[in-house]
Every structure is written in structure tokens, then in C-alpha cells.
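J.: I'll drop the sequence and a predicted model, then ask my questions.
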Amino acid sequence: MALRELKVCLLGDTGVGKSSIVWRFVEDSFDPNINPTIGASFMTKTVQYQNELHKFLIWDTAGQERFRALAPMYYRGSAAAIIVYDITKEETFSTLKNWVKELRQHGPPNIVVAIAGNKCDLNDVREVLEKDAKDYADSINAVFVETSAKNAININELFLEISRRIPSSNASAATGKGFKLRRQSSEADHRCC
Amino acid sequence: MNEEYDVIVLGTGLTECILSGIMSVNGKKVLHMDRNCYYGGESASITPMEDLYKRFNIPGSPPESMGRGRDWNVDLVPKFLMANGQLVKMLLYTEVTRYLDFKVVEGSFVYKGGKIYKVPSTETEALASSLMGMFEKRRFKKFLNFVANFNENDPKTLEGVDPKKTTMLEVYKKFDLGQDVVDFTGHALALYRTDEYLQQPCLETVNRIKLYSESLARYGKSPYLYPLYGLGELPQGFARLSAIYGGTYMLNKQIEELVIENGKIVGVKSEGEIARCKQLICDPSYAPDSVTKVGQVIRVICILSHPIKNTNDANSCQIIIPQNQVNRKSDIYVCMISSAHNVAAQGKYIAIVSTTVETNDPEGEIRPALDLLEPIEQKFVSVCDMYAPSDLGTDSQIFISRTYDATTHFETTCNDIKDIYKRMTGSEFDFEEMKRKKEDIFGDNQ
Ligand SMILES: Cc1cc2nc3c(=O)[nH]c(=O)nc-3n(C[C@H](O)[C@H](O)[C@H](O)COP(=O)(O)OP(=O)(O)OC[C@H]3O[C@@H](n4cnc5c(N)ncnc54)[C@H](O)[C@@H]3O)c2cc1C
Ligand SMILES: Nc1nc2c(ncn2[C@@H]2O[C@H](COP(=O)(O)OP(=O)(O)OP(=O)(O)O)[C@@H](O)[C@H]2O)c(=O)[nH]1
Ligand SMILES: [Mg+2]
């Protein structure tokens, strides 16, 4: 089965649950005391989509978005971006447009955009209507779901929807690809002893 | 930002970002700021092309023929990575290499009598090269064999040479190598910028040639690597490492003052607020009163619509013009990359010429290199002063990096990093210090 590596980056205000969403997807767990700053360097998960394997390489912001210091490297080569807001905080939805704009400016031209309204388990303190968000997402042709990292709602669906939207074969990306540096086997041997 | 940090870092050049990463990984609380709105400082890759025109005060906007502005990522400082070099080691130890993709530079060339030749570095290549005559080839082959087998601790391999006493000049004599072969061996394989090494014991030079061959053996075509999207990706990668380990990043911050009490740094004032710290790392531009000028380097960025002649249409290459070929003291370098590296619009090439300035007419000095590149679509010329810190920072706890020099590699940069590390911590730099301190890679495989 063909394996495709798909880089996905996360965007959104601090505290909306970006790391929690990734954690739920990759490790299927939820930590209410997740450290707000220290992200993981690298998270991957492979899922089957039709007759392909999609290996998601997920980049979390590592807090660099807090003072608008995300590096262009962050967006580079991304197949998709997930922009997260918190349904219980109106201002995290208002800033969504800025993230979309940022992405248009710095991201690859054909990037798939997904919007996740997180913390939908907290429906009683909701500030953002699902319909408003859905309308906005439709207007920019983005995937939209409300999620709960806490209760594992719609997390897998979010990524499945991304798989669905990714063009079936991106021939352009295949040309002129570079390679990753690796240790020489002798060095690797050293390491494990 | 009104907080207390262990270390504040000013400027996001490669040196600063690597040090920031090392400090964060080792549990220090780091605040990292830059006055620019982009990462990389002097080691940035400039994008889009419009910004490069502005930066060099070129009137008007880029012509249509330059293609899309966003397709360009133009390095300000030309350098390549040695496949077996120290920077590669740092990338591997920190696993920053996960964020980057590389390509092998397609060839290394050397200038002789107005022409350029591929640098032969293996027996087969040497035997095919037109750089040497028939008999010279045999002697060079013997020399390469000698170097490959050379083991300091095994007298059988030394053929009577004393690694610590015999000079390199004597070794060349022993193999009866002519001036041209000596030139390219010293400058294109051992990568010396001047001829001073000839009078020194041969061990260092032999090891450098070994390094070249081993780096070459790793990927084939050449010993050099280049990251897709430009060298500016390197500082960004290490900045991400620092952020993952808790480093705080702020761009576009004007720095008003380094706050010093009793001769020691206590904080940095920016936009009216003071962030306190115990130690400060910065590039020379943030501490102009504490640095000394140590020379000048000229760099000319040339945009071409063709590969360099006689390079077999390589999409990337290095050309070394040894100093004595053009009556100089230091070598002239050309580093060329192209759209194949996602740094230029389709069909375009970027060749950067650089050397240490020796006269009042730096542009005149690099003419032989420019002649190899014609026709040049657009030139961007810079002559920069190079600075070094005036003191070690022991009292002030202000640690200033050195300006990137004319060398086309990261050796001196890595040495500067190791040196600053030692001055800051009091202990010798150890690559192990760069290893990530916790398991932070999750998911399926690796
Ligand atoms: C065009 C060109 C010109 C060069 N000119 C010079 C020069 O003028 N002076 C100079 O010193 N080097 C010079 N070098 C060689 C350079 O030091 C490295 O061998 C390599 O090019 C640097 O690549 P890197 O920084 O990616 O790896 P590096 O980190 O530099 O890897 C080099 C490895 O070899 C060892 N090494 C290499 N060079 C040295 C050195 N100078 N001293 C101690 N150890 C060394 C290092 O310990 C390291 O392990 C030049 C290289 C190039 C490509
Ligand atoms: N109730 C509820 N809480 C959540 C959910 N997702 C995340 N949280 C909580 O929201 C807080 C922030 O979550 P993070 O995942 O750290 O958010 P982030 O967007 O990564 O934040 P930064 O890394 O600081 O930018 C944590 O306390 C989480 O426990 C959710 O679905 N429901
Ligand atoms: Mg987070």
C-alpha cells in the first residue's frame, strides 16, 4: 500500500487546545494539566485512507505563535493546516480570520484548511454559535468540525476529513525532493550500546 | 516580558539560535528577541525578491523575468555544510534535522589558468581529470592512497613520515607533486584559505583531506550539503528546538538598552519594559560599543538564467579560486544554487561570490569570479565589516558572537559557538549537551 507523508500544522490562539487535539489523535489520551509551553517536537500517526496509508507529520506551534514569532519553516510544505478556536471564548474565533490571512501569506498555495471549534464538551458556556463558524468555514472553503479533545469527539473525523480533501496524488511535490540527514550506521551502532 | 530569565538572546542568526537551543535544552529559561520581523539576522535568506531589491537599495521593482517574488529565498551569507562536519553533527544530535530537507551539492570545482576543473578526490576521478598530466596522475593516485591509509598510530602506514614533524611541503615533495596539484589539494581538498599550512606538520592537513574524502564518500557527488529553501532554515530550526524546550520568542522588538549594573548585565530594555537576566548572548549589532573591527568581506549575489559554464550544467556547485592563481593572499569562493533548492524562480540560478577584502577596490578583486558567471542578470553587492567581541564577557556576562566570515562553510561558526558556550558555562563544549533531554517524539515509528 502506498504511504504518503502529510505535514499538518496547527494554528490558533494560546489555550484553545491545539496540543490537546494532537495528543488525543496521536496517543488517544487527554491531560488536563498539559504544559502550556513545552510542546512536542514531532508527532506522527499513520491511518489508512482508501488504498493509501496517510502518515501525518504533525507540527505543534511550541508557543512561538504567542508573540507572532512563527517561522516560515513552520508552514513550509504543509499539506494541511488546522486552525483551532475555543467555542467558549468569542475572541479566539474573532482572531481566526487573522490566522487564515497569515496562512494565505506564508503557507503553501494549495494548503487544505481545517477549522476546529474545540471544547465542544463545554456547551453550556458556549460563546460561538456552530452555525456562524460553519458559515465562515464554508465561505473560505475550509473543513469544519466542532471537537472535544477531552471527550474524544470528532478528532479522528477531523483528520479523516483532511485525508479526503488532499489531492489524490501530488505529483508536483514529488519532483526535486530533498532527503533527511541520518546518522551513519556505525554511529547508530555506537548509540545503542 | 517583565520577567526574570536566565539568558536573554538578541538576534536570531544561526550562532544565536544554536546557543539558544543548547541553553533551553539544558533547562535554562531563555528569552530570544530580534529587532527584525524575520528570523536569521545576517544569516537570513531573504524572501520575497522585492525585499532583496529594497535591502540593496536597487531602484524599482524586480523585472517580470525574475518570476514570482515568493519563489526566492536568497542567502545573505553563502555557505555549504560538510557532510561529515560539525554543523551536521549538531543537527543530528539535536534532531533539528527532522525539520529540514537537504540536497547534495553537485560538484566542486577549482580555477586554474582562467578555466575551471572538477576537483578530483577519488582515484577514478583523478585518473579521468584533465587537470593533471599522465605521470602526475600516477603520483597523485599514490598520494591519495597514502592519505587514505594514513594512521597516526600505525608506523607501517606512515611511509617514514612523522605526522608531528614532517611538514606538508615535504610530503608533497616526497610524492613529487607539481604546483597545480599542490594548489588544489591544499585549497580545494584540505580547504585552506592561505598557504601557511605548507610549513606546518602534515597531520592536520592529512586529516582534512581525509575529512573531505569521507564527506564525499557519504553522498557521492560532492562533500557538501545544502538545505532546501535556503540557509535561513537552519536558524529557524534551532529556534524551534529552543521554543519546544520553553524558550520565549519575540520578533520585531526594538532594543533600547542593555541594562548594566556594576559592570554586569542585569537586563534588556525594550519598548519601555525591562526583562531581567543573568547572562546575555547577542550578535555584534546589538552591542556596537563592545566589538572590534577585524576585517572586511565582500559578497556579490549574482542572479543568472544559466548554469555556470563548464560545470556540466550542475544545478549547484562550488568554485574555489586559489589565491596564487590571481595574485592574492586569500582564496575567492563562488557558491551556486538554483531553483532545484527552492531558493529561486524556475530556471534561475544564484551564484554568490565572496572573499576577504585586501584592497581599496573590493569589486575589482572579485572580477575573475564574475567573469566566470557572465552574463549576470542582476548583482547585489555588499562589503561588510567583520566584528569580534572586544572582551571575553567574563565580567559583564555579555557574550557576543563573531560576524560570519568569508569562509564558505560553518567551521568557524561552530568554533565560535563552542567558544561562547565555554565562556558562559566554564566547561568544555560537548556535543552530548545538545541532546534532547526527554522523550519528545511521539506516535508511530521513531
Ligand atoms: C570553500 C571552502 C573553504 C574553506 N576554507 C577554509 C579555511 O580557510 N580555513 C579553514 O579552517 N577551513 C576551511 N574550510 C574547511 C572547513 O573547515 C570544513 O572542512 C568544511 O568546509 C566546513 O563544513 P561544516 O562547517 O559544515 O563542517 P565542519 O563543522 O567545519 O566540519 C569539519 C569537520 O572537520 C574538522 N575540521 C574541518 N576544518 C577544520 C579546521 N579548520 N580546524 C579544525 N578542525 C577542522 C572539524 O573538527 C569538523 O569535525 C573551507 C571549506 C570550504 C568549503
Ligand atoms: N474542557 C475541555 N478542555 C480542553 C479541551 N482541549 C483542551 N482543553 C484544555 O484547555 C487548556 C489548553 O489546552 P492546550 O492543548 O494546552 O492548548 P494549546 O492551544 O496547545 O495552548 P498553547 O500551547 O499554550 O498555545 C488545557 O487546560 C486543556 O486541558 C477540550 O476539548 N475540552
Ligand atoms: Mg500547545
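T.: Arrived safely. Ligands and ions are numbered 1, 2, ... in the order given.

J.: okay, strands next: where are they in the stretch 151-300 of chain B?
T.: Secondary structure of the stretch 151-300 of chain B (DSSP state E, counting those that start in this stretch): strands at B:224-227, B:248-250, B:255-261, B:264-270, B:273-282, B:291-304.

J.: out of those strands, deepest packed?
T.: For those, the largest average neighbour count (mean count of other C-beta atoms under 10 Å in any protein chain shown) is found in strand B:224-227, namely a mean of 26. In short, each C-beta sits where N, CA and C put it, glycine included.

J.: residue B:249 against residue B:238, yeah?
T.: No. Counting by C-beta atoms under 8 Å, residue B:238 is not a contact partner of residue B:249; they are 11.6 Å apart.

J.: next to ligand 2, which bits of chain A? Give me the list.
T.: Neighbours of ligand 2 within chain A, by C-beta under 6 Å from any ligand atom: A:12, A:14-20, A:32, A:34, A:36, A:63, A:118-119, A:121-122, A:148-150.

J.: among those, the buried ones, what's the PyMOL command?
T.: Buried residues within the residues of chain A next to ligand 2, by 16 or more other C-beta atoms under 10 Å in any protein chain shown, are selected in PyMOL with:
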select buried, chain A and resi 12+16+17+18+19+20+63+118+119+121+148+149+150
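
J.: so which of the residues of chain A next to ligand 2 belong to strands?
T.: Under the assignment DSSP state E, the residues of chain A next to ligand 2 contribute residue A:118 to strands.

J.: ok, the residue in the stretch 101-250 of chain B that chain A sits nearest to - how many residues close by?
T.: Proximity of the stretch 101-250 of chain B to chain A (C-beta to the nearest C-beta) peaks at residue B:101, 3.2 Å away. A count of nearby residues for residue B:101, using other C-beta atoms under 10 Å in any protein chain shown, gives 19.

J.: for the strands of the stretch 151-300 of chain B, which one sits closest to ligand 3?
T.: Of all these, strand B:248-250 sits nearest to ligand 3, with 13.8 Å by C-beta to the ion.

J.: surely residue B:360 is in a helix?
T.: No. Read with DSSP: H, G, I helix; E, B strand; the rest coil, residue B:360 is coil and lies in no helix.

J.: what does it show for phi and psi?
T.: Note on residue B:360: backbone dihedrals following degrees, to the nearest 10 are phi -80, psi 0.

J.: so who does it touch?
T.: By C-beta atoms under 8 Å, 6 or more residues apart in numbering or on different chains, no residues touch residue B:360.

J.: and what of residue A:108?
T.: For residue A:108, the contacting residues are A:75, A:76, A:77, A:78, by C-beta under 8 Å, 6+ apart.

J.: quick check, nearest of those to residue B:43?
T.: Of all the contacts of residue A:108, residue B:43 sits closest to residue A:76, with 17.6 Å by C-beta to C-beta.

J.: least trustworthy helix or strand in the chain by mean pLDDT?
T.: In the absence of a named chain, this looks at chain A. The weakest-scoring helix or strand in chain A, judged by mean pLDDT, DSSP states H and E, is helix A:185-192 (a mean of 40).

J.: so which of the residues of chain A next to ligand 2 reach ligand 1?
T.: Within the residues of chain A next to ligand 2, nothing lies near ligand 1 by C-beta under 6 Å from any ligand atom.

J.: just the residues of chain A next to ligand 2: which are in helices?
T.: A:18, A:19, A:20 (DSSP state H).

J.: which non-adjacent residue is nearest the last one?
T.: Just to be clear, that refers to residue A:20. Leaving aside its sequence neighbours, residue A:20 sits nearest to residue A:149 (C-beta to C-beta, 6 or more residues apart in numbering or on different chains; 3.6 Å).

J.: from residue A:21, how far out is that neighbour?
T.: 5 Å (C-beta to C-beta, to the nearest Å).

J.: closest residue of chain B to ligand 2?
T.: As assessed by C-beta to the nearest ligand atom, ligand 2 sits closest to residue B:243 within chain B, at 10.5 Å.

J.: what sits against that residue?
T.: Listed by C-beta under 8 Å, 6+ apart, the contact set of residue B:243 reads A:39, A:62, A:63, A:64, B:24, B:249.

J.: residue B:390 and residue B:287 touch, don't they?
T.: No. Judged on C-beta under 8 Å, residue B:390 makes no contact with residue B:287 at a distance of 9.2 Å.

J.: more crowded one of these two?
T.: residue B:287 (23 against 12).

J.: looks like that one contacts residue B:255 (just checking).
T.: No. Contact criterion C-beta under 8 Å: residue B:287 and residue B:255 do not qualify, at 9.9 Å.

J.: mind checking which helix or strand whichever residue of chain A sits closest to ligand 1 is in?
T.: In chain A, the residue that lies nearest ligand 1 is residue A:181 (11.3 Å; C-beta to the nearest ligand atom). Residue A:181 is part of no helix or strand when elements are defined by DSSP states H and E.

J.: next, count neighbours for it.
T.: By other C-beta under 10 Å, the residues close to residue A:181 number 21.

J.: pretty sure residue B:20 is touching residue B:9, no?
T.: Yes. Residue B:20 is in contact with residue B:9 according to C-beta under 8 Å; the separation is 4.7 Å.

J.: relative orientation of the helix or strand containing residue B:383 and strand B:291-304 in degrees?
T.: According to DSSP H and E, residue B:383 maps onto strand B:378-389. Strand B:378-389 and strand B:291-304 are oriented at 160 degrees to each other (axes from the mean of the first three to the mean of the last three C-alpha atoms, to 10 degrees).

J.: show me which residues of the stretch 101-250 of chain B sit near ligand 1.
T.: Counting by C-beta under 6 Å from any ligand atom, the residues of the stretch 101-250 of chain B lying close to ligand 1 are B:191, B:192, B:193, B:208, B:211.

J.: check the stretch 251-400 of chain B too.
T.: Contacts of the stretch 251-400 of chain B with ligand 1, taken as C-beta under 6 Å from any ligand atom, map to B:318, B:320, B:333.

J.: related to what we said a few turns ago, among the residues of the stretch 101-250 of chain B next to ligand 1, which pair sits farthest apart?
T.: Checking those with C-beta to C-beta, the most distant pair is B:193 and B:211, at 15.9 Å.

J.: and the two? Which one has more around it.
T.: Taking other C-beta under 10 Å, residue B:193 and residue B:211 do not tie; residue B:193 has more neighbours (22 against 18).

J.: rewinding a little: now the ones in helices among the residues of chain A next to ligand 2 in a markdown table, with distance to residue B:294 and pLDDT?
T.: As requested, those are exported to a markdown table (distance: C-beta to C-beta, whole Å; pLDDT from 0 to 100):
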| residue | distance to residue B:294 | pLDDT |
| --- | --- | --- |
| A:18 | 46 | 94 |
| A:19 | 45 | 91 |
| A:20 | 51 | 93 |
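
J.: just those residues that are near ligand 3?
T.: The subset of these lying close to ligand 3, counting by C-beta under 5 Å from the ion, consists of A:18, A:19.

J.: going by distance to ligand 3, which of the ones in helices among the residues of chain A next to ligand 2 wins?
T.: For these, the nearest to ligand 3 is residue A:19 (3.2 Å; C-beta to the ion).
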